[in-house]
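Chemist: output the structure for:
(one chain, ligands or ions: 1)
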Amino acid sequence: MASHDLAIEAIDLRKRYGSTEAVAGISLSVHRGEVLGILGTNGAGKTTTVEMIAGLRRPDQGTVRVLGLDPEADRGKVRQVLGVQLQSSELHGSLTVTELVDLYASLYPHPVPTGELIEQVGLTEQVTTRFEKLSGGQQQRLSIALALVGRPRVVILDELTTGLDPRARREMWRTVENLRSSGATVLLVSHAMEEVEALCDRVALFAAGQVTALDTPSGLTDRVGASSLDEAFVTLTGQEPEEIP
Ligand SMILES: Nc1ncnc2c1ncn2[C@@H]1O[C@H](COP(=O)(O)OP(=O)(O)OP(=O)(O)O)[C@@H](O)[C@H]1O
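Modeler: Below is the predicted model of the structure:
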């Protein structure tokens, strides 16, 4: 595939924290319009990898391109096309839901209208609630809203539905489906097998800082004659998947 068809291209990424080799030579190509899942056990290097792709963490080695742009050198341009929801959001706790969405919206030329976005993530009743007073799941929904406010063409979602109740989880799935319909590219880190099976075109299995397999969900199960993605995960990574939160 020509590189201009790629939304994300990461080549031989490496990152070490002291004696821990968190990412040990990861290459990933995500096609435009694709939803690519990353599955792996705790500590497999998923967050470090997506932080490097987002330009939030500098790789020790390797290169990243997002829609052909270098997330570090072209930071301003990348910010306009990339939306990122990370596991821990550092947001100003005394601002309300509306104030935070408005603040982020002001960074983009054509943001999603604040009320529409707040409704989409199910926070209409919390519009005047300060961030620090939101529940964990509500904070999570807000961080998803902030990732989407600029109508990004590439979206990174790190544990999209962890901590959300079943209804909110389904709503977030619909959000990802809508992103796909709009032609956006999504990189989705998840621990939930059924989420990955439902949403992702392809899945990268991470173990010990490396990609051990990358295929469609059915390709992964067929490859090892497994009856489920869970079983394929165990066979292909040699590790048990985490409990679905
Ligand atoms: N800032 C840091 N300083 C030191 N070590 C770190 C740091 N961030 C991550 N690590 C270590 O790097 C390894 C990979 O961590 P990372 O968070 O990328 O994994 P992960 O696959 O996202 O895990 P999880 O599923 O638990 O979120 C782990 O061993 C972790 O302890």
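
Chemist: so where does residue 171 fall, helix or strand?
Modeler: helix 166-181 (DSSP states H and E).

Chemist: for residue 203, same thing?
Modeler: strand 202-207.

Chemist: could I get the average pLDDT for the helix holding residue 171?
Modeler: Mean per-residue pLDDT for helix 166-181: 89.

Chemist: just to revisit the earlier point, how distant is the strand holding residue 203 from the center of its chain?
Modeler: Mean-position distance between strand 202-207 and its chain equals 13 Å (C-alpha atoms, centre = their mean, to the nearest Å).

Chemist: can you tell me the SS state at residue 25?
Modeler: strand (DSSP: H, G, I helix; E, B strand; the rest coil).

Chemist: and the gap between it and the ligand?
Modeler: The spacing between residue 25 and the ligand, counted by C-beta to the nearest ligand atom, to the nearest Å, is 14 Å. Where you see a C-beta, it was placed from the backbone N, CA and C, and this is true even at glycine.

Chemist: and that residue, how many neighbours?
Modeler: 14 (other C-beta atoms under 10 Å).

Chemist: what of residue 49?
Modeler: Residue 49: 30 neighbours (other C-beta under 10 Å).

Chemist: distance of it from the ligand?
Modeler: 7 Å.

Chemist: domain assignment for this structure?
Modeler: 6-81+152-237, 90-151 (the TED database).

Chemist: buried deepest among the ones you listed, which one?
Modeler: Neighbour counts (mean count of other C-beta atoms under 10 Å) averaged over each of those peak at domain 6-81+152-237, with a mean of 19.

Chemist: thinking again about what came up before, paired strands for the helix or strand that the helix holding residue 171 is followed by, with orientation please.
Modeler: Going down the chain from helix 166-181, the next helix or strand is strand 185-190, by DSSP H and E. Counting by DSSP bridges, the strands paired with strand 185-190 are strand 35-40 (parallel), strand 154-158 (parallel).

Chemist: so how far is the ligand from the spatially most central residue of the chain?
Modeler: Central residue of the chain (C-alpha atoms, centre = their mean): residue 157, 2.1 Å from the mean position. Using C-beta to the nearest ligand atom, we find residue 157 at a distance of 13 Å from the ligand.

Chemist: mind listing the helices for the chain?
Modeler: 46-53, 75-81, 97-105, 114-120, 136-148, 166-181, 193-199, 217-223, 229-237 (DSSP state H).

Chemist: okay, the longest one in CSV with CA atoms only?
Modeler: Listed next in CSV are the C-alpha coordinates belonging to helix 166-181 (Å, rounded to 0.1, in the frame of the first residue of the first chain):
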residue,chain,number,x,y,z
PRO,A,166,-23.2,-0.9,29.6
ARG,A,167,-25.4,1.8,28.1
ALA,A,168,-22.6,4.3,27.9
ARG,A,169,-20.4,1.6,26.4
ARG,A,170,-23.0,1.0,23.6
GLU,A,171,-23.2,4.7,23.0
MET,A,172,-19.5,5.0,22.6
TRP,A,173,-19.5,2.1,20.2
ARG,A,174,-22.1,4.0,18.2
THR,A,175,-19.8,7.0,18.3
VAL,A,176,-17.0,4.9,16.8
GLU,A,177,-19.3,3.6,14.1
ASN,A,178,-20.3,7.1,13.3
LEU,A,179,-16.7,8.1,13.1
ARG,A,180,-16.1,5.3,10.6
SER,A,181,-19.1,6.3,8.5
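
Chemist: now the helices of the chain as CSV including distance to residue 208?
Modeler: As requested, those are exported to CSV (distance: least, C-beta to C-beta, whole Å):
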stretch, distance to residue 208
helix 46-53, 12
helix 75-81, 29
helix 97-105, 35
helix 114-120, 37
helix 136-148, 28
helix 166-181, 28
helix 193-199, 19
helix 217-223, 18
helix 229-237, 9
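
Chemist: show me what the helix holding residue 171 is packed against.
Modeler: strand 35-40, helix 136-148, strand 185-190, helix 193-199 (3 or more C-beta pairs under 8 Å, 6 or more residues apart in numbering; DSSP states H and E).
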